[in-house]
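**Student:** sequence unknown, structure follows:
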């Protein structure tokens, strides 16, 4: 299964979900919430930097973050129905690893 970075961020969640993620990470690792927040921020920045530089970051057993390019395309404004041009863009996709899939 492949997820876009925006989907992963959505799954990780809104503000209350982020608080819960920090709280659980700090509890599991035996560190403060501030340290957990710094670690999660560092992780997300490392993923972005490595994906931009190398195009791919693999965490064995967890999954792979990879850079994907979306071509320019035509779309529709959902409010007006008007045809619009969508610019080409880059995104990060996530493919779950074997251990992560097995744990779900």
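**Tutor:** Nice, thanks for sending it over. If you're wondering where the values come from, they're calculated on a predicted model, not measured in any experiment. Numbers count the residues shown, from 1 in each chain.

**Student:** Show the residue spans covered by the strands in this protein.
**Tutor:** Along the chain, the stretches classed as strands by DSSP state E are 2-4, 56-59, 63-70, 73-76, 83-86, 89-96.

**Student:** Take those and lay them out in CSV including mean neighbour count.
**Tutor:** Just so you know, the C-beta spots here come from the backbone N, C-alpha and C atoms, and that holds for glycine as well. Formatted as CSV, the strands of the chain follow (neighbours: other Cβ atoms under 10 Å):
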stretch, mean neighbour count
strand 2-4, 14
strand 56-59, 15
strand 63-70, 16
strand 73-76, 10
strand 83-86, 10
strand 89-96, 16
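
**Student:** Select from those the stretch with the lowest mean pLDDT.
**Tutor:** Note on those: lowest mean pLDDT is at strand 2-4, with a mean of 53.

**Student:** what's the burial count for residue 49?
**Tutor:** Neighbours of residue 49 under the rule other Cβ atoms under 10 Å: 11.

**Student:** next one: residue 22
**Tutor:** Applying other Cβ under 10 Å, we find 20 residues neighbouring residue 22.

**Student:** where's it relative to residue 58, distance?
**Tutor:** From residue 22 across to residue 58, the span is 25 Å (Cβ to Cβ, to the nearest Å).

**Student:** Residue 36 too?
**Tutor:** 24 Å.

**Student:** Residue 96 now?
**Tutor:** Taking Cβ to Cβ, one finds residue 96 at 12 Å from residue 58.

**Student:** how far out from the middle of the chain is stretch 88-98?
**Tutor:** Remark: stretch 88-98 is offset 8 Å from the chain centroid, using Cα atoms, centre = their mean, to the nearest Å.
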